[in-house]
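S.K.: Sharing a sequence plus its predicted fold:
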Amino acid sequence: MTVVRAHHHHNPYDHLFGGDEFDELLRDLGQRRAASIEHHHRAGTYPRAAMGFVILDPTAGPWVPNTSAVLGAITIGPDSERFLPNAAAKAGGHRRLGRNYGEAVLVDPHLCGRAAFRYGHSAQVRGVIVGASSQAPDQDLYEAGQLAADFVTAIAARQAGWESKTGETDWLSADDRPDREYRDMVSFFDAGAPADRP
């Protein structure tokens, strides 16, 4: 059986998952990719039975540095950790450029500066960016796209279950309160200030 390792960097869905549960979700998604990788490797289509994946946080704002925007990473198979920097470069490049990193590498190399990764594609599905590495560029793209799609589907299913349990709320939080960021955005407003007279 192929070894799948997964770990989250941070969890923007803590109303849905505890940390260990979130890692378990990532491992489950990794198992699906492991089955695909094993199948294609046995068929002689994929050169390796190992891959590395980096998933970026779709809730992170554009001002958040890439190092803080990593949601998690998944490794599949032997010696797969060595592919994580490649996957991170693809995902980070995609986030910076707003499009598939492979397009820059192949068509617009002026967008790739010193120490940029020289290969391949990244995928984005409904806001979720994934970089994958170890196979041929188009194969990396396929597996990254499948992982991103599976992630979107899994979060939507968990969200639907959470909503059916909690009922109607205004905020995606356990206490149905706005995040501190949103409260801070309007903290300047003085509710006791004089109102316009009619």
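M.R.: Perfect, I can see it now. Residues are numbered from 1 along each chain as shown.

S.K.: count of residues packed around the closest residue to Ala50 other than its chain neighbours?
M.R.: Residue nearest to Ala50 in three dimensions, not counting chain neighbours: Gly77, with 3.1 Å by C-beta to C-beta, 6 or more residues apart in numbering. C-betas here are computed from N, CA, C, even on glycine. Neighbour count of Gly77, defined by other C-beta atoms under 10 Å: 20.

S.K.: what does Thr153 give?
M.R.: Thr153: 13 surrounding residues under other C-beta under 10 Å.

S.K.: I'd like the next helix or strand past the helix or strand containing it.
M.R.: In this structure, Thr153 is located in helix 137-166 according to DSSP states H and E. Downstream of helix 137-166, the first helix or strand assigned by DSSP H and E is helix 180-185.

S.K.: Need the contact partners of the worst-scoring helix or strand of the chain on mean pLDDT.
M.R.: Least confident helix or strand of the chain, by mean pLDDT, DSSP states H and E, is helix 101-106 with a mean of 90. Residues outside helix 101-106 that contact it (C-beta atoms under 8 Å, 6 or more residues apart in numbering): 89-91, 93-94, 97, 111-112, 117-122, 131, 137, 141.

S.K.: I'd like the C-alpha coordinates of it written as PDB, please.
M.R.: C-alpha atoms of helix 101-106 as PDB (Å, rounded to 0.1, in the frame of the first residue of the first chain):
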ATOM      1  CA  TYR A 101       2.300  28.900 -13.600                       C
ATOM      2  CA  GLY A 102       3.200  26.600 -16.600                       C
ATOM      3  CA  GLU A 103       2.000  29.400 -19.000                       C
ATOM      4  CA  ALA A 104       4.600  31.700 -17.600                       C
ATOM      5  CA  VAL A 105       7.300  29.000 -17.800                       C
ATOM      6  CA  LEU A 106       6.400  28.100 -21.400                       C
END
